[in-house]
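1. Could you look at this predicted model? Sequence included:
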Amino acid sequence: MNDVQVPGFLAAAGSAGLNKKREKDLGIIFSRVPATVAGVFTRNLIKAAPVLLDMERIHSGRCQAIVANSGNANACTGDQGMKAAKAVARATADALQIDESLVMVASTGVIGKVLETRGIEAALGGIVRKLDPSGLPDVSHAIMTTDKVPKIVSRKGSISGKEFTVTAMTKGAGMIRPDMATMLCFVCTDIAAPRDILQESLTKAVNKSFNIITIDGDTSTNDTVLLLANGLSGITLNSTESLEAFQDLLDALLIELARMIVRDGEGATKLININVEGGATTSDAFAVAATVADSTLVKTAIYGEDANWGRILAAAGRAGVPLSPAAIDIYFDDICMAKSGQGMGATAEAAVTEVLKKDEFTITIDLNAGKKKARVITCDLSLDYVRINADYRT
């Protein structure tokens, strides 16, 4: 897949025997030259060992390799978990012949089980020998857990006549309610940028993408987004024009990946955009959108294609936001289901039932309390979600 190559980056994946459901469960992304790195991590107070290690190392602003595994999150594993994360980083650095401080580590999978490093250490040599410019898709497969499909996108842009590339991959299908879901995301680009500018760009993009999605309301212990910029395009982000061009491309890629996560949600059959308008403040609008998007009753009604708008109104009322029930309007796509807090009757309900049969639609909640708005992207909650998570470890 040549369309996902990034100049100066190599990648490969293999098996370390960690993920019984996947042929490949260990991947490496390697930059031929040390890259500037930015990162965003889970705000869950329970953080996995690889997250804690990366949060220490990212202050240097430099990274040359990411090693990531699925099948074991190495979370809630205490000192043993940190020793394991450092051992993986050290073994990866040795195999690549680079400084250990330039290796970032990421893990995803079962929580509470210490990461067994022997299989990883044994597999690293073979993976390093396979490193290839076309190897990024293999890594996107290796980091999957309950994902049904790999998630990787790539785009090219230009600044002052020079071309640059941004390629990003992510994984995630459950335990998704990002607060910076289990989600990992790795972004590679050949632009050059000071670390503070790169960090600001990544934070903005994450706030527009991963921080507005939810599948089940659970924030993972392992959420990690890393952006590596190796500068080999010869383009430096040092002007308003260059910053805007890069930001637009990065935003678009991460939004696309975020939507892919929701569409691939465990047991999901529908993607729903929850738009809240007329908020007194943006935070009020977001609080209502997030509460409705995470409501189990709303999500199950959508799965059953039941136009139960009362559940939406009830969820809005517990969002901790001052609102007037008699002022709220609710739309499914362009069909008004409730006006001034009252249902619009059987004809409207029949029309909304047809909307609910689609695999993607928008619910708009107008609070009529101001001019601020917010959006959260969510999915329905099906019987398969319970089945997948009831026996996740067994």
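-> Structure's in. What do you need?

2. Please give me every residue in contact with residue 247.
-> 201, 204-205 (C-beta atoms under 8 Å, 6 or more residues apart in numbering). Every residue, glycine included, has its C-beta placed from N, CA and C.

3. Show me how to select, in ChimeraX, the buried members of the residues you listed.
-> Remark: buried members of the contacts of residue 247, expressed as a ChimeraX selection using 16 or more other C-beta atoms under 10 Å:
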select :201,205
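
4. Export the contacts of residue 247 as a markdown table, with columns for secondary structure, distance to residue 149 and pLDDT.
-> Shown next, in a markdown table, are the contacts of residue 247 (DSSP: H, G, I helix; E, B strand; the rest coil; distance: C-beta to C-beta, whole Å; pLDDT from 0 to 100):
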| residue | secondary structure | distance to residue 149 | pLDDT |
| --- | --- | --- | --- |
| 201 | helix | 27 | 97 |
| 204 | helix | 27 | 96 |
| 205 | helix | 22 | 96 |
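
5. will you turn the contacts of residue 247 into TSV that also has distance to residue 344?
-> Listed next are those as TSV, based on distance: C-beta to C-beta, whole Å:
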residue	distance to residue 344
201	44
204	39
205	38
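
6. ok, the contacts of residue 247 vs residue 236, which is closest?
-> When those are compared for distance to residue 236 (C-beta to C-beta), residue 201 wins out at 13.1 Å.

7. What sits closest to that closest one if chain neighbours are left out?
-> residue 247 (5.5 Å; C-beta to C-beta, 6 or more residues apart in numbering).

8. what separates that neighbour from residue 37, distance-wise?
-> 18 Å (C-beta to C-beta, to the nearest Å).

9. How about residue 255?
-> Residue 255 is 22 Å from residue 37, by C-beta to C-beta.

10. Please say which of those two ends up with more neighbours.
-> residue 37 (25 against 18; other C-beta atoms under 10 Å).

11. so where do the helices sit in the chain?
-> In the chain, the segments counted as helices under DSSP state H are 49-57, 78-96, 118-129, 136-142, 195-208, 240-263, 282-294, 296-303, 309-317, 346-355, 383-390.

12. Could you break this structure into its assigned domains?
-> The chain breaks down by automatic domain parsing into domains covering 2-263, 271-390.

13. Could you single out the most deeply buried of these?
-> domain 2-263 (a mean of 21; mean count of other C-beta atoms under 10 Å).

14. just to revisit the earlier point, quick check: pLDDT value at the residue nearest to residue 201.
-> In this model, residue 247 is scored at 97, pLDDT.

15. cool, and residue 258?
-> At residue 258, pLDDT is 92.

16. cool, residue 49 as well?
-> Residue 49 is given a pLDDT of 97.

17. From residue 87, how far out is it?
-> Residue 49 is 11 Å from residue 87, by C-beta to C-beta.

18. what about the protein, any weak spots by pLDDT?
-> Low-confidence segments of the chain (pLDDT under 70): 1-2, 173-182, 217-219, 388, 391-394.

19. For residue 120, see how far away the nearest residue to residue 337 once chain neighbours are set aside is.
-> Closest residue in space to residue 337, ignoring its immediate chain neighbours: residue 309 at 4.6 Å, by C-beta to C-beta, 6+ apart. Using C-beta to C-beta, residue 309 is found at 51 Å from residue 120.

20. is it true that residue 328 touches residue 368?
-> Yes. Using C-beta atoms under 8 Å, residue 328 is in contact with residue 368, at 6.9 Å.

21. In its sheet, which strands sit next to the longest strand seen in the chain, and in what direction?
-> Secondary structure assigned by DSSP state E gives strand 26-41 as the longest strand of the chain. Taking DSSP bridges as the criterion, strand 26-41 pairs within the sheet with strand 9-14 (antiparallel), strand 62-72 (antiparallel), strand 224-229 (antiparallel).

22. Could you give the separation of it from the chain centroid?
-> 17 Å (C-alpha atoms, centre = their mean, to the nearest Å).

23. same question, stretch 66-79
-> 17 Å.

24. So that it lines up with my notes, have the first residue be 6 from now on.
-> Sounds good: first residue 6 from here, last item stretch 71-84.

25. From residue 15, how far off is the closest residue to residue 77 other than its chain neighbours?
-> Nearest non-adjacent residue to residue 77, counting by C-beta to C-beta, 6+ apart: residue 114, 4.5 Å away. Computed as C-beta to C-beta, the residue 114 to residue 15 distance reads 25 Å.

26. With residue 26 instead?
-> 26 Å.

27. Also residue 354?
-> Residue 354 is 56 Å from residue 15, by C-beta to C-beta.

28. Please apply the same query to residue 29.
-> Residue 29 is 16 Å from residue 15, by C-beta to C-beta.

29. now residue 119
-> From residue 119 across to residue 15, the span is 30 Å (C-beta to C-beta).

30. cool, and residue 238?
-> Taking C-beta to C-beta, one finds residue 238 at 16 Å from residue 15.

31. And for residue 43?
-> Distance from residue 43 to residue 15, by C-beta to C-beta: 21 Å.

32. before we move on, the earlier item: nearest to residue 168, of the helices of the chain?
-> Across the helices of the chain, residue 168 has its closest neighbour in helix 245-268 (11.2 Å, C-beta to C-beta).

33. Let me know the angle separating the closest one from helix 287-299.
-> For helix 245-268 against helix 287-299, the angle by axes from the mean of the first three to the mean of the last three C-alpha atoms, to 10 degrees is 30 degrees.

34. now residue 127, nearest residue through space, not along the chain?
-> Take residue 127 and drop its neighbours on the chain: the residue closest to it by C-beta to C-beta, 6+ apart is residue 21, 7.3 Å away.

35. so who does that neighbour touch?
-> 30-31, 74, 124-125, 127-128.

36. got CSV for those residues, with distance to residue 137 too?
-> Converted to CSV, the contacts of residue 21 look like this (distance: C-beta to C-beta, whole Å):
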residue, distance to residue 137
30, 18
31, 16
74, 19
124, 22
125, 20
127, 21
128, 16
